[in-house]
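# give the three-dimensional model of this entry:
(2 chains)
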Protein chains: 2
Amino acid sequence: MTSYKLTYFNMRGRAELPRYIFAYAGIAFEDRRVEWSDWPSIKKKVLMTNNTLSAFPLGKLPVLEVNGLPLTQSLAIARFLAKEAGLVGNSRLAEAQADALVDTLNDFTLLIPWREDNPQIKTQKIDMLFQSHAPKLLDHLQCHLGDRKWLVGDSDAGGRSAEGRQLHGKHLGQVSPRINRPLPHSWRRLSPCRHLL
Amino acid sequence: MTSYKLTYFNMRGRAELPRYIFAYAGIAFEDRRVEWSDWPSIKKKVLMTNNTLSAFPLGKLPVLEVNGLPLTQSLAIARFLAKEAGLVGNSRLAEAQADALVDTLNDFTLLIPWREDNPQIKTQKIDMLFQSHAPKLLDHLQCHLGDRKWLVGDSDAGGRSAEGRQLHGKHLGQVSPRINRPLPHSWRRLSPCRHLL
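Numbering: from 1, shown residues only, chains lettered A, B, ... in the order given. Alright, predicted model coming up:
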């Protein structure tokens, strides 16, 4: 039986998508949560030992250990787990289209000024982002969706698989209350996942 | 026979990795290059027609059309083509580890201040990036590599596959001349791809 150990800080952040997939698929895993104050010493210790396969090879979290082998990068972890859990489209192209949607939502996430220390400037920047980029993103998702029922694939099964991989849709969830207009059709297609967000 | 049409601007940028994979695998494709001046009207026209499957669903390039179906996001396109071309690791985990390395190099790429208009500030920011982040990145890649021969997989075949997916290594190529110290072992493992960069 494959053993999975997911190490991240004690928060949702970049580990929540892998955790959702584990939960959705009912796969057992060790949910190791590191306190911020402990992380520098843990990281340093690992770097100093210089093992051939360090547990934290890039000095960043999350890391998923699969039978002891470390896998980095939250989205690479999520893509791997989606395959392990059978949450992929019914063709290679559908799988790639789901990947592309996740990357698109991730692009939006990266625009959020996470490291801005000044709370006033941070609020201003986020407001601007939600006024300018968010409606465009929703328009483009709407354009991508057209008259189809699902963002990826033609069947409910394919669509659900794609949406299962798209739990990053929480960022769209954060967007919607700030936009003063009816939600587009594209948002309704993400709504089945809302209870998970 | 599958038809591939790759649309991007007349430059390397985000389309070069897909183009490399096509070239490496000897797969025929239409290399459509759009002039910057034509792009706004092309994009607008497509948005206005509101087709169920717009050719440019996210209003961004590159887009790969596979038998007429559009696929967005350069790295999703590259991952899809790597599979089409058989450039994947010999296990699901090796495939994910190659994915993670590409995402790590992409993270570095995203730190480059592409949109900084002031050339002096841009140079300063890039110098700082190459002095602070680049050596750390190489150290971590070194740590990840350890005494192994390849960054992903244990065999030459697996390694070459991973490196084939890692042509984003050009960014490491840009890093090396700026770092005043011997190149780590990790750099030598990327060097077989240098002639492609």
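
# could you list everything residue A:63 pairs with in the sheet?
residue A:7, residue A:72 (DSSP bridges).

# tally of neighbours for it?
24 (other Cβ atoms under 10 Å in any protein chain shown). Placement of C-beta: from N, CA and C, glycine included.

# the lengthiest helix in chain A: which residues count as buried?
Identified as the longest helix of chain A according to DSSP state H is helix A:119-145. Within helix A:119-145, the residues that count as buried by 16 or more other Cβ atoms under 10 Å in any protein chain shown are A:126, A:129-130, A:134-135, A:137-138, A:140-145.

# out of those, who's nearest chain B?
residue A:144 (3.5 Å; Cβ to the nearest Cβ).

# close to chain B, is stretch A:17-26?
No - Stretch A:17-26 stays clear of chain B (Cβ under 8 Å from any Cβ of the partner chain), getting no nearer than 11.5 Å.

# output that stretch in PDB with nothing but the alpha carbons.
Written as PDB, here are the backbone C-alpha positions of stretch A:17-26 (Å, rounded to 0.1, in the frame of the first residue of the first chain):
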ATOM      1  CA  LEU A  17      -6.100  21.300  -2.700                       C
ATOM      2  CA  PRO A  18      -4.100  18.100  -2.100                       C
ATOM      3  CA  ARG A  19      -6.000  17.600   1.200                       C
ATOM      4  CA  TYR A  20      -9.300  18.000  -0.600                       C
ATOM      5  CA  ILE A  21      -8.300  15.400  -3.100                       C
ATOM      6  CA  PHE A  22      -7.300  13.000  -0.400                       C
ATOM      7  CA  ALA A  23     -10.600  13.600   1.400                       C
ATOM      8  CA  TYR A  24     -12.700  13.300  -1.800                       C
ATOM      9  CA  ALA A  25     -11.000  10.000  -2.800                       C
ATOM     10  CA  GLY A  26     -11.000   8.600   0.700                       C
END
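
# quick one: low-confidence residue ranges for chain A.
Low-confidence segments of chain A (pLDDT under 70): A:44-54, A:146, A:153-197.

# that older thread, a markdown table for the buried residues of helix A:119-145, including distance to residue A:68?
Formatted as a markdown table, the buried residues of helix A:119-145 follow (distance: Cβ to Cβ, whole Å):
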| residue | distance to residue A:68 |
| --- | --- |
| A:126 | 40 |
| A:129 | 40 |
| A:130 | 42 |
| A:134 | 41 |
| A:135 | 46 |
| A:137 | 39 |
| A:138 | 42 |
| A:140 | 42 |
| A:141 | 39 |
| A:142 | 45 |
| A:143 | 45 |
| A:144 | 40 |
| A:145 | 42 |
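
# near chain B too, which of those?
Near chain B, by the rule Cβ under 8 Å from any Cβ, you find A:140-141, A:143-144 out of these.

# now do the strands in chain A.
A:4-9, A:30-34, A:63-66, A:69-72 (DSSP state E).

# please identify the most buried of the ones you listed.
Sort these by mean neighbour count, taking mean count of other Cβ atoms under 10 Å in any protein chain shown, and strand A:63-66 sits at the top with a mean of 23.

# give me the contact list for it.
A:2-8, A:18, A:55-57, A:70-72, A:77, A:80-81, B:93 (Cβ atoms under 8 Å, 6 or more residues apart in numbering or on different chains).

# next one: the residue lying closest to residue A:116 once chain neighbours are set aside from residue B:29, what distance?
The shortest distance from residue A:116 to any non-neighbouring residue, by Cβ to Cβ, 6 or more residues apart in numbering or on different chains, is to residue A:122 (4.1 Å). Per Cβ to Cβ, to the nearest Å, residue A:122 is found 44 Å from residue B:29.

# about what we covered before: from the ones next to chain B among the buried residues of helix A:119-145, which two are the most distant?
Put simply, by Cβ to Cβ the two of those set farthest apart are A:141 and A:143, 7.3 Å from each other.

# would you mind listing what in chain A touches chain B?
Counting by Cβ under 8 Å from any Cβ, the residues of chain A that sit close to chain B are A:47, A:50-54, A:57-59, A:66, A:69, A:71-73, A:75-77, A:79-80, A:83-84, A:92-93, A:95-97, A:99-100, A:103-104, A:110, A:136, A:139-141, A:143-144, A:146-148.

# which of the residues you listed are buried? Put it as a ChimeraX command.
Only the buried entries of those go into this ChimeraX selection, using 16+ other Cβ under 10 Å:
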select /A:47,54,57,58,59,66,71,72,73,75,76,77,79,80,84,93,95,96,97,99,100,103,104,140,141,143,144
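
# hmm, residue A:4 is touching residue A:32, no?
No - in terms of Cβ atoms under 8 Å, residue A:4 does not count as a neighbour of residue A:32; the distance is 10.6 Å.

# just the helices in chain A please.
According to DSSP H, the helices that chain A contains are A:16-25, A:39-49, A:74-84, A:92-111, A:119-145, A:156-164, A:170-175, A:185-190.

# for residue B:152, find the nearest of those.
Across the helices of chain A, closest to residue B:152 is helix A:74-84 (Cβ to Cβ), at 11.4 Å.
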